[in-house]
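Enquirer: curious how this folds, go ahead:
(one chain, ligands or ions: 1)
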Amino acid sequence: MLEARELTKRYEGKADRPALDRLNLHIPGGEAFCLLGPNGAGKTTTVNLFLNFIAPTSGQALVGGVDSAREPLEARRRLAYIPETVMLYGALSGLENLEYFTEISGGRRLVRAELLALLGEAGLAEEAAFRRVSGYSKGMRQKVGVAVALARRAQALLLDEPTSGLDPLAANEFAALVEKLRKQGMAILMVTHDLFLAKQCGTRIGVMQAGRLVSVFGADDVDHLGLERAYLEQFRGAAA
Ligand SMILES: Nc1ncnc2c1ncn2[C@@H]1O[C@H](COP(=O)(O)OP(=O)(O)OP(=O)(O)O)[C@@H](O)[C@H]1O
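Expert: You can find the predicted model right below:
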């Protein structure tokens, strides 16, 4: 579903090394790939290439076989994106935001009961759905973001540090939600600095360093402590 083929990004004026260097990666539906790595390793660059926020220098970012750079709208239709902070209209309720974002994405117009059911599926309490988003916590905003992804029937989900700043309970709830989406068949690429979250959500865990994917673990092949040890050994004394 999500595939990177020799995907490379070199930012202008940065001749020393590419931000992303020939990444090859395939994430089928039902799999969650968690991308770890130090600051500047190339994780967000990877996500931004799938979203066509930036153009690749060479190689391809494919979504369901569609090249994000060549057919951005077609690729984008299959994707949902949850950044660190989900941008919503503060003056509107969660329900109204969901209605608005579903409509502008060109999907079928959903009736109120369907919208409420989606917010419920994303874990937002019904009474909260009618309140202004300006009073929402970060975790509640993330849930509206997930409801938008559900409404759009996205086949792939990109997440960039979605739990940073969430308290442990909210982060745990979010991880359970991601797992549910994965089990429903979504392909998930999640960037995180949280090794615990990566272990909790990922079916595979990749570690990036200086634009390269340097190691990949199967989630069943490593426990949390083993992952932490491998990560620290990789980077102790090394710069990204
Ligand atoms: N717009 C840009 N122009 C120039 N260089 C950039 C730009 N965006 C990112 N870079 C560089 O590309 C490299 C990879 O950055 P990227 O944001 O992908 O790293 P990251 O792994 O997501 O880091 P972090 O964990 O800090 O979010 C870094 O060297 C960064 O300075």
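
Enquirer: list the contacts for the residue nearest the centre of the chain?
Expert: With distances taken as Cα atoms, centre = their mean, residue 159 lies nearest the centre of the chain, 1.5 Å away. Going by Cβ atoms under 8 Å, 6 or more residues apart in numbering, residue 159 touches 81, 82, 178, 188, 189, 190, 191, 192. In this view, the C-beta of every residue, glycine as well, is placed from N, C-alpha and C.

Enquirer: how is this protein partitioned into domains?
Expert: 1-78+159-240, 88-154 (automatic domain parsing).

Enquirer: any part of the longest one near the ligand?
Expert: So that's domain 1-78+159-240. Yes: Domain 1-78+159-240 is in contact with the ligand by Cβ under 6 Å from any ligand atom, via 11, 14, 19, 37, 39, 40, 41, 42, 43, 44, 45.

Enquirer: tell me the mean pLDDT over that domain?
Expert: For domain 1-78+159-240, the mean per-residue pLDDT is 91.

Enquirer: show me where the protein has strands.
Expert: 2-9, 20-27, 32-36, 58-63, 66-67, 79-82, 156-160, 187-191, 204-209, 212-218 (DSSP state E).

Enquirer: hmm, back to that, and the residue nearest to the centre of the chain, how close does it get to residue 20?
Expert: Going from residue 159 to residue 20 by Cβ to Cβ, to the nearest Å gives 18 Å.

Enquirer: again, but for residue 7
Expert: Distance of residue 7 to residue 20, computed by Cβ to Cβ: 6 Å.

Enquirer: what touches both of these two?
Expert: Shared contacts of residue 7 and residue 20, defined by Cβ under 8 Å, 6+ apart, are found at 46, 49.

Enquirer: out of those two, which sits in the more crowded spot?
Expert: residue 20 (30 against 26; other Cβ atoms under 10 Å).

Enquirer: next up, the contacts around the nearest residue to residue 123 once chain neighbours are set aside.
Expert: Distances taken as Cβ to Cβ, 6 or more residues apart in numbering place residue 143 nearest to residue 123, at 5.1 Å, with adjacent residues excluded. By Cβ under 8 Å, 6+ apart, residue 143 lies in contact with 94, 119, 122, 123, 124, 177.

Enquirer: next one: residue 201
Expert: Contacts of residue 201 (Cβ under 8 Å, 6+ apart): 32, 34, 175, 178, 179, 182, 188, 190.

Enquirer: residue 234 and residue 217 touch, don't they?
Expert: No: counting by Cβ atoms under 8 Å, residue 217 is not a contact partner of residue 234; they are 11.3 Å apart.

Enquirer: compare these two (neighbour count), which wins?
Expert: Shown here are residue 234 and residue 217; by other Cβ under 10 Å, residue 217 has more neighbours (20 against 15).

Enquirer: residue 150 versus that one, what's the distance?
Expert: Following Cβ to Cβ, the distance that separates residue 217 from residue 150 is 29 Å.

Enquirer: go on, residue 11?
Expert: 34 Å.

Enquirer: again, but for residue 166
Expert: Counting by Cβ to Cβ - residue 166 and residue 150 are separated by 20 Å.

Enquirer: the helices in the chain, which residues?
Expert: Counting by DSSP state H, the segments of the chain that form helices are 43-50, 72-77, 94-104, 112-121, 126-129, 138-151, 168-183, 195-201, 224-235.

Enquirer: CA atoms of the fourth one as CSV?
Expert: What follows is helix 112-121 as a C-alpha-only set of coordinates in CSV (Å, rounded to 0.1, in the frame of the first residue of the first chain):
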residue,chain,number,x,y,z
ARG,A,112,-25.1,13.6,11.8
ALA,A,113,-25.6,10.1,13.2
GLU,A,114,-22.9,8.7,10.9
LEU,A,115,-20.5,11.6,11.9
LEU,A,116,-21.2,10.9,15.6
ALA,A,117,-20.6,7.2,15.1
LEU,A,118,-17.2,7.9,13.6
LEU,A,119,-16.2,10.2,16.4
GLY,A,120,-17.3,7.5,18.8
GLU,A,121,-15.3,5.0,16.9
